[in-house]
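coords below, sequence missing:
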Ligand code: ADP
């Protein structure tokens, strides 16, 4: 009957949410070949459920290596399909959970494509950021008889351990500090906080953020690949019957490229950038490892990135690490190193030791 169907649906949703709590989920996505390189042979041998097998030819012969994650998305998987898998996680923000989704991988592996979309953005190829907010508005509307939701966003960039507001209109370039204020729930209180209530609000702000992000980038110095960008969604929900207020927060992070830069190849500013990126990505790895061991001291303060994400990693927060790989043979070394890092993260069970404010 209809009643039983509703019960069954609720039970399923509840299980999905329980399933996500207190552990880090890891997804992997393989981007398709870019048209000019379609004659290459893919290093991805096989994908089945959560398994991916990479062929690792060497001078000693043909080898294979397999990795297991919560989900693996092949080249033909659409933006809509990827989003629909993440939907229960994203929707839980309206129930007061803290969520953190970060895109990891070498430059050119498709991180921005997943989170934002391609350059020629259409409704069909929009990435997670747009879809997530659009979906929150739809769900908030459905619940409007019982809840009133206010949604506001911040967008910042971390470049060389400096935090910059991406939603400024006057192009000002003030350096921002990260606090961990449990009073306001805002980690970067001085970054612009913009209320949003429709998908067109979101499109306007994303455009502003993208424009500000491009400032300082030149053709040779594509800064976006060497900075972390973070869209933070703050949700406040009021239960209209009881008056109870719920707060949820979601960080959607497009990390800097994870490629290891060979120290002998770069000097000066480029080397400094590389060192900052390595430092923050390894700080992220250290925080995850420390949460896994249920240490009482978690080294959040070692980088701006981990300071920013502090309340969305660990405890009751739900974290999804979304790793991206390129299928080309010349990316093989980075592909293997990305998958090994992801596999270490996938084994992490977060303890409840961290208190979530
Ligand atoms: P990253 O952010 O990791 O540096 P990008 O997202 O910029 O990488 O992707 C590199 C190129 O590949 C872009 O031109 C992008 O549009 C394209 N691309 C990435 N992933 C996909 C995909 N799943 N389907 C189609 N094109 C993609």
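Cool, got the structure. All figures in this text were calculated on a predicted structure; none of them were measured in a lab. Numbers count the residues shown, from 1 in each chain.

what about the spatially most central residue of the chain, is that helix, strand or coil?
Geometric centre of the chain, nearest residue: residue 102, 2.0 Å, by Cα atoms, centre = their mean. Following DSSP: H, G, I helix; E, B strand; the rest coil, the label given to residue 102 is strand.

isn't it right up against residue 324?
No - the pair residue 102 / residue 324 is not scored as a contact, 10.9 Å apart, by Cβ atoms under 8 Å. (C-beta placed from N, C-alpha, C; glycine too.)

how far away is residue 343 from the ligand?
To the ligand, residue 343 is 19 Å away according to Cβ to the nearest ligand atom, to the nearest Å.

which strands or helices does the helix or strand containing that residue pack on?
If you go by DSSP states H and E, residue 343 is part of helix 332-346. Helix 332-346 sits against strand 24-30, strand 51-55, strand 64-68, strand 98-105, helix 268-292, strand 318-325, with contacts defined as 3 or more Cβ pairs under 8 Å, 6 or more residues apart in numbering; DSSP states H and E.

now do that helix against strand 318-325: the angle between them, please.
Inter-element angle recorded for helix 332-346 and strand 318-325: 170 degrees (by axes from the mean of the first three to the mean of the last three Cα atoms, to 10 degrees).

can you list the residues that contact helix 332-346?
Here helix 332-346 makes contact (Cβ atoms under 8 Å, 6 or more residues apart in numbering) with 24, 26, 28, 43, 52, 54, 56, 65, 67-70, 104-106, 109, 258-260, 285, 288-289, 321, 323-326.

just the buried ones from these?
24, 26, 28, 43, 52, 54, 67, 69-70, 104-106, 109, 258-259, 288, 321, 323-326 (16 or more other Cβ atoms under 10 Å).

buried residues in the helix or strand hosting residue 133?
Residue 133 belongs to helix 128-142 when elements are defined using DSSP H and E. Within helix 128-142, the residues scored as buried using 16+ other Cβ under 10 Å are 128-137, 139-140.

circling back to that earlier point, near the ligand, from the contacts of helix 332-346?
105, 109, 324 (Cβ under 6 Å from any ligand atom).

residues of the stretch 101-250 of the chain that sit close to the ligand?
105, 107-113, 118, 225.

restricted to helices, list those.
111-113 (DSSP state H).

would JSON lines of those with pLDDT and neighbour count be doable?
Output for these, formatted as JSON lines (pLDDT from 0 to 100; neighbours: other Cβ atoms under 10 Å):
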{"residue": "111", "pLDDT": "96", "neighbour count": "29"}
{"residue": "112", "pLDDT": "95", "neighbour count": "21"}
{"residue": "113", "pLDDT": "96", "neighbour count": "21"}
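
between these, which is nearest residue 212?
Residue 212 lies nearest to residue 112 out of these, by Cβ to Cβ, at 15.3 Å.

ok, the closest one - contacts?
Contacts of residue 112 (Cβ under 8 Å, 6+ apart): 103, 127, 224, 254.

min pLDDT across the residues of the stretch 101-250 of the chain next to the ligand, which one?
Across the set of these, residue 225 stands lowest in pLDDT, at 80.

once you drop chain neighbours, what's closest to that one?
Nearest non-adjacent residue to residue 225, counting by Cβ to Cβ, 6 or more residues apart in numbering: residue 107, 4.2 Å away.

run a quick neighbour tally on that neighbour.
Residues lying near residue 107 (other Cβ atoms under 10 Å) number 16.

touching, it and residue 254? I think so.
No - contact criterion Cβ under 8 Å: residue 107 and residue 254 do not qualify, at 11.3 Å.

any idea whether the closest residue to the residue nearest to the centre of the chain other than its chain neighbours is helix, strand or coil?
Nearest residue to residue 102, sequence neighbours excluded (Cβ to Cβ, 6+ apart): residue 253, at 4.0 Å. Judged by three-state DSSP, the three-state class of residue 253 is strand.

how about residue 253, what does it touch?
100-103, 115, 228-231, 305, 309.

pLDDT and distance to residue 296 added to these, as TSV?
What follows is the contacts of residue 253, written out as TSV (pLDDT from 0 to 100; distance: Cβ to Cβ, whole Å):
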residue	pLDDT	distance to residue 296
100	92	21
101	95	27
102	93	24
103	96	30
115	97	33
228	93	27
229	94	32
230	96	27
231	96	31
305	94	22
309	88	19
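
residues touching residue 75, list them.
30-33, 44, 327.

do residue 246 as well
Residue 246 neighbours (Cβ under 8 Å, 6+ apart): 95-96, 235-239.

in which helix or strand would I find it?
Under the criterion of DSSP H and E, residue 246 resides in strand 245-254.

mind listing what's buried along that strand?
246, 248-254.

and for stretch 73-87?
Neighbour counts over stretch 73-87 (16+ other Cβ under 10 Å) mark 73-74, 77, 79, 82-83, 86 as buried.

point me to the residue of the stretch 151-300 of the chain nearest the ligand.
residue 225 (5.2 Å; Cβ to the nearest ligand atom).

that residue against residue 256, yeah?
Yes - using Cβ under 8 Å, residue 225 is in contact with residue 256, at 6.5 Å.
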